[in-house]
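Visitor: Can you look at this prediction? I've put the sequence above it.
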Amino acid sequence: MTVDVSKQKLPAEVGDQHASLNFSVGVAFFLLCLVLHHYVSRRVCLRRFKSYSELTWQLQMEWDSRIVSSLHATLVTLLSAYALAFEEPLWSDKISQPTKLGGVTLSISAAYMLADAISMPIYWRDVNLLVFWLHHGVAALCFWICTSRGILHFFALFRLLSEMSTPFLNVNWYNRLCNVSVGSLLSLGN
């Protein structure tokens, strides 16, 4: 019995069936992150938070970055949890089963990582910049590979669940920056 391999699709040829959707979502979210960080956040925070206007320009930029970071983390945590809970194909084939929602979620994360990596040199000049560039670069590359090849969505989405801690870490940063007491209800609630 012979098998006609010319009709079989290799994993690299299959990729993610939703490649154009993933690319479009990635580009749109990349641009959205830049607009939120460099335009929207600044204008809203200048009007809503007195302490924001008293910060140095670099700290304002980091504040804005942490807002976008928290929005991204919340969104991808919810999308990842939903995909892992309700997309059964992810559980039946953890290696090579891409899903539409999984690809979109990974595209959103890759786009955020790239947008943040572009913004970082504006307000960071120390060794932390290299550490975060490495972190964001590796994460974006991994998410792109998973999405473009349609592989490892299960594991990438599971990894994105760890983003759920990001908003709480960012609130701690805001609290320290604004001299909120560690024993205050705001800090304790966080």
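Guide: Thanks, I have the structure now.

Visitor: As a check, name the ranges of all helices in the chain.
Guide: Applying DSSP state H to the chain gives helices spanning 11-14, 19-35, 41-48, 50-53, 57-86, 88-92, 100-123, 127-149, 153-160, 166-177, 185-189.

Visitor: got these as a markdown table, with mean pLDDT columns?
Guide: Putting the helices of the chain into a markdown table (pLDDT from 0 to 100) gives the following:
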| stretch | mean pLDDT |
| --- | --- |
| helix 11-14 | 46 |
| helix 19-35 | 94 |
| helix 41-48 | 94 |
| helix 50-53 | 90 |
| helix 57-86 | 95 |
| helix 88-92 | 91 |
| helix 100-123 | 92 |
| helix 127-149 | 89 |
| helix 153-160 | 96 |
| helix 166-177 | 92 |
| helix 185-189 | 71 |
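
Visitor: Mean neighbour count added to those, as CSV?
Guide: Bear in mind the C-beta positions are built from the backbone N, C-alpha and C, glycine included. Formatted as CSV, the helices of the chain follow (neighbours: other Cβ atoms under 10 Å):
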stretch, mean neighbour count
helix 11-14, 11
helix 19-35, 17
helix 41-48, 14
helix 50-53, 13
helix 57-86, 18
helix 88-92, 13
helix 100-123, 23
helix 127-149, 16
helix 153-160, 22
helix 166-177, 16
helix 185-189, 10
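
Visitor: Centre of the chain to stretch 156-165, how far?
Guide: Counting by Cα atoms, centre = their mean, to the nearest Å, stretch 156-165 is centred 9 Å from the centre of its parent chain.

Visitor: So what touches it?
Guide: For stretch 156-165, the external contacting residues (Cβ atoms under 8 Å, 6 or more residues apart in numbering) are 72-74, 76-77, 79-81, 83-84, 90, 102, 105-106, 109, 142-143, 146.

Visitor: let's see it at 6 Å
Guide: Residues outside stretch 156-165 that contact it (Cβ atoms under 6 Å, 6 or more residues apart in numbering): 73, 76-77, 80, 83-84, 102, 106, 146.

Visitor: okay, how far is it across it, tip to tip?
Guide: Terminal residues of stretch 156-165 are spaced 16 Å apart (Cα to Cα, to the nearest Å).

Visitor: Stretch 47-63 now?
Guide: 14 Å.
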